[in-house]
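Visitor: For reference, the sequence and a predicted model appear below.
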Amino acid sequence: MKLTRYISVLLLLFGSISIYAQNINLEGIKLQKEYPARKSGRTVDVNMQVDLTEMPAIGSNLKRIVTPVLRANESQKEFLMPSFVVAGRNRYSIIRRRISFDNSYKTVPDQTENTIILPRKNGSSQQLHYQTTIAYEPWMKNASLIFRVEDTGCADCPLGSGEKTLTQKALYPLYEAQYKFNIIIPEGELVKNREEILNAHISFRIGKYDILPDFQNNSQELARIRAKLNELRGNEDVTFNKLDLVGYASPEGGAEFNDRLSKKRVESFAGYLSSQYPMLRGRLHSEWKGADWEGLKKRVRNMSFSAKDEVLDILELPIQQRTPALKKLGNGKVYSMLLEEVYPPLRRTELIFNIQVKGFSLEKARQIIKAHPSRLSLAEVYAVAKSYPEGSKEQYEVWVIADRAFPKNVEPVINVAVLDIKAGRYHQAVEKLEKRSNDSWVWGMLGLAYAYNQNWEKAEKYLQKARKNGDKEAAYNLDEMQKYIKDNF
């Protein structure tokens, strides 16, 4: 009977501990000022005044261990700072008496001579000044201050634990760079002269130069040219000025033979077009380039095959040595591949249509950018982009189209990068600008894109280059970046 009673009492005791642990009340603990932590160089000074006045009363024999914790708001990282102790009246006296008799006694594991141990003043005004210094880590700039609490009874038996978030902004705000960058407003054009290029692959019999409209794919190629001329002739927005023909040959034959053959073929083609289209008479000019070695290099660079580097090395040799060296690669297999896959597109005639384009209304320009974007001026492109909502998909697409249509102008690629950065697409901005990194006009924006990617070394490289080139905005952004790095790292 007694055993049953003792077991019941024990169950009641443990049950009450469990209930207490679940209901530990940490309300009323407050910070008396914002931002309890402040970065100083590579350390963080934690200096906080904690108000315990409204913290619920604690029992006379209770010891409350409070561990301040910095916890990242965006990850699981945290830093535990030295604990402090708030004890009930009797427990505080016991702790002090133990410490006075035994220097090795620790009421908390990390106790030092600076550990705060104070008696709880239930129902009275009570403040606690807590101060420590810790090593700074970048995640701390967005961290919460948490009090992790453990309560124990007179025999250090656990009575519960809990946490209270005092603030989600523990660290005094660090320097935030205020970079300057904006969409470039392009200048208009008084006269819009344009060159529109069409590459025609007219097939010829081996060693011949006469035009055979029904030979191989010639009918399709001639139809493309006819469609282009008809479009220009019937377009009231365009004035056709002249047509330049440039003939190219593939480089498998001798240099002298290729030069002579490309000349005869382009002259034959010019004569054919003049006979078919009276509008070209007196407005057609032809020239020949011979073997297109540069075109071959460009195509090989864009390919992927095992002997690619060897082929590119050979293409740097003197012209007369190239073909023999190519034929030796892979027992002739590489050269056969080049003959079948790479050389045919090099045999072509480039048609350069020289036109003059009139100015467009906004409504018309919004149509033209979809079909013939290069016929707009960049000022007209800007007007079209501006007509769409700020940051919209349509506005972005306008500048992407313009970047493809005006590869020699920097305004479109810079404006695409500006919109990418504003939308948080930092890596994408770098990718686009890196392709133009040889152009000094993009250095400032490229450096800024690297700064947003936190690639500080490359950011400084390009911002410094732009600053030395007289870019005042880049100089300002470089200064902002350096202030940010100094305060944040």
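Guide: Here it is on my side, so go on. A quick note: this is a predicted structure, and the numbers were derived from the prediction, not measured.
Visitor: Just give me how far stretch 442-453 sits from the chain centre.
Guide: With C-alpha atoms, centre = their mean, to the nearest Å as the basis, stretch 442-453 stands 10 Å off its chain's centre.
Visitor: where along the chain do the strands fall?
Guide: Under the criterion DSSP state E, the chain contains strands at 30-31, 37-40, 43-51, 63-72, 78-80, 84-87, 117-119, 127-135, 143-152, 158-167, 192-200, 238-249, 284-291, 348-357.
Visitor: Name the surrounding residues that touch the first one.
Guide: In other words, strand 30-31. Strand 30-31 is contacted from outside by M48, Q49, V50, D51, E54, L145, L166, T167, using C-beta atoms under 8 Å, 6 or more residues apart in numbering. C-beta coordinates here come from the backbone N, C-alpha and C atoms, glycine included.
Visitor: For the third one, give me its contacts.
Guide: Contact criterion C-beta under 8 Å, 6+ apart gives I29, K30, L31, Q32, Q127, L128, H129, Y130 as the residues in contact with V50.
Visitor: can you pull the contacts of K289?
Guide: Contacts of K289 (C-beta under 8 Å, 6+ apart): V246, G247, Y248, A249, S262.
Visitor: tell me which of those residues is nearest to L346?
Guide: Y248 (6.1 Å; C-beta to C-beta).
Visitor: Confirm for me that that closest one is in contact with P344.
Guide: No: counting by C-beta atoms under 8 Å, Y248 stays clear of P344, with 11.7 Å between them.
Visitor: Neighbour count: these two, which is higher?
Guide: Of the pair Y248 and P344, Y248 is the one with more neighbours under other C-beta atoms under 10 Å, namely 23 against 12.
Visitor: excluding its backbone neighbours, what's nearest that one?
Guide: The shortest distance from Y248 to any non-neighbouring residue, by C-beta to C-beta, 6 or more residues apart in numbering, is to D292 (4.2 Å).
Visitor: who's in contact with that neighbour?
Guide: Shown in contact with D292 (C-beta under 8 Å, 6+ apart): Y248, A249, S250, P251, L346.
Visitor: which non-adjacent residue is nearest the fourth one?
Guide: Spatial nearest neighbour of P251, excluding adjacent residues (C-beta to C-beta, 6+ apart): A291 at 3.7 Å.
Visitor: Most tightly packed of the strands of the chain?
Guide: Greatest average neighbour count among these goes to strand 84-87 (a mean of 23), per mean count of other C-beta atoms under 10 Å.
Visitor: For that strand, which strands pair with it and how are they oriented?
Guide: Under the criterion DSSP bridges, strand 84-87 sits next to strand 63-72 (antiparallel), strand 117-119 (parallel) in its sheet.
Visitor: In a markdown table, list the ones you listed along with distance to L351 and mean pLDDT.
Guide: Output for these, formatted as a markdown table (distance: least, C-beta to C-beta, whole Å; pLDDT from 0 to 100):
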| stretch | distance to L351 | mean pLDDT |
| --- | --- | --- |
| strand 63-72 | 62 | 97 |
| strand 117-119 | 90 | 97 |
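Visitor: Mind putting those into TSV with distance to G153?
Guide: Formatted as TSV, the strands paired with strand 84-87 follow (distance: least, C-beta to C-beta, whole Å):
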stretch	distance to G153
strand 63-72	8
strand 117-119	17
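Visitor: between these, which one is nearest to K458?
Guide: It is, among those and with distance given as C-beta to C-beta, strand 63-72, at 27.1 Å.
Visitor: by how many degrees do that closest one and strand 43-51 diverge?
Guide: 130 degrees (axes from the mean of the first three to the mean of the last three C-alpha atoms, to 10 degrees).
Visitor: which residues touch strand 63-72?
Guide: 37, 46, 48, 58, 77-88, 91, 95, 107-108, 120, 130, 134, 139-140, 142-153, 156, 163, 170.
Visitor: 7 Å instead, please
Guide: 58, 78-81, 83-87, 91, 107-108, 130, 139-140, 142-152, 170 (C-beta atoms under 7 Å, 6 or more residues apart in numbering).
Visitor: Compute the inter-axis angle for that strand and strand 158-167.
Guide: Going by the same axes, to 10 degrees, strand 63-72 makes 40 degrees with strand 158-167.
Visitor: Find me the pLDDT at A291, would you?
Guide: A291 carries a pLDDT value of 86.
Visitor: Pull the contacting residues for it.
Guide: Going by C-beta under 7 Å, 6+ apart, the list of residues near A291 reads A249, S250, P251, A255, N258.
Visitor: rerun at 10 Å
Guide: Contact analysis of A291 by C-beta atoms under 10 Å, 6 or more residues apart in numbering lists 248-255, 257-259, 261-262, 319, 322-323, 343, 346-347.
Visitor: distance of it from Y382?
Guide: To Y382, A291 is 42 Å away according to C-beta to C-beta, to the nearest Å.
Visitor: What ranges does the stretch 151-300 of the chain have for its helices?
Guide: Secondary structure of the stretch 151-300 of the chain (DSSP state H, counting those that start in this stretch): helices located at 218-233, 255-276, 293-301.
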